[in-house]
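1. Give me coordinates for this.
(2 chains)
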Amino acid sequence: KQEVTQIPAALSVPEGENLVLNCSFTDSAIYNLQWFRQDPGKGLTSLLLIQSSQREQTSGRLNASLDKSSGRSTLYIAASQPGDSATYLCAASNDYKLSFGAGTTVTVRA
Amino acid sequence: NAGVTQTPKFQVLKTGQSMTLQCAQDMNHEYMSWYRQDPGMGLRLIHYSVGAGITDQGEVPNGYNVSRSTTEDFPLRLLSAAPSQTSVYFCASSYFVQGAGGYTFGSGTRLTVV
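-> The predicted structure is shown next:
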């Protein structure tokens, strides 16, 4: 059974600082790994999708890396803004399902 | 707008009542699934479907039924609601079986069973 862990559970940083969010998974036979953002009381918004054959994906200030062999993915958010405050979820895809981590709740202080 | 549409957004049920949560997607995705999100438990898979007429159970299927008669729709039925089914329910779809195309989620249904 795939187990996904996210560290830290919560993070508070001043505006402008770079964010580093970690995700680890136990079964390396994944099809892809996806990062989502969830605002309080809202749904999941996809941020980045990394296929198993890829090492990283970038979108604007966001960059995600994937190391299948070590079972790790990292989401980097450059020059954080108060609008980046949210919960970030990583999810590993295999065997017809997504396995989610518990999330990292980020607060960016103005 | 293309995407996954869930209805209703909010629902309160009495214990023992039945209801259907609706999910529709207009992206011609083969794969559709239902998750529930609970504090401290994260998102857990209830049921999924890899195409019309094909469904299977996820991690927490008890108390829920699904069917898939069309590519677009994947309703979730609660047969006899229990307080333990109070949760936020999300429907998700994917372009390709096993999620090679990534997953798109609906905005969720907040269900309270009293």
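
2. Once you drop chain neighbours, what's closest to the most centrally placed residue in chain B?
-> The residue lying closest to the centre of chain B (C-alpha atoms, centre = their mean) is B:W34, at 2.9 Å. Leaving aside its chain neighbours, B:W34 sits nearest to B:I46 (4.3 Å; criterion: C-beta to C-beta, 6 or more residues apart in numbering or on different chains). The C-beta positions use only the backbone N, C-alpha and C, and glycine is treated the same way.

3. mind listing what the closest residue in space to A:G71 that isn't next to it in sequence touches?
-> Closest residue in space to A:G71, ignoring its immediate chain neighbours: A:F25 at 4.9 Å, by C-beta to C-beta, 6+ apart. Contact partners of A:F25, counting by C-beta atoms under 8 Å, 6 or more residues apart in numbering or on different chains, are A:Q2, A:E3, A:V4, A:T5, A:L33, A:G71, A:R72, A:S73, A:A92, A:S99.

4. and those residues, which are buried?
-> By neighbour count, with 16 or more other C-beta atoms under 10 Å in any protein chain shown, these hold A:Q2, A:V4, A:L33, A:G71, A:S73, A:A92, A:S99 as buried.

5. give me phi/psi at B:Q85?
-> Note on B:Q85: backbone dihedrals following degrees, to the nearest 10 are phi -90, psi 0.

6. residues near it, how many?
-> Neighbours of B:Q85 under the rule other C-beta atoms under 10 Å in any protein chain shown: 19.

7. ok, it - contacts?
-> If you count contacts by C-beta under 8 Å, 6+ apart, B:Q85 has them with B:G63, B:L78, B:L111, B:V113.
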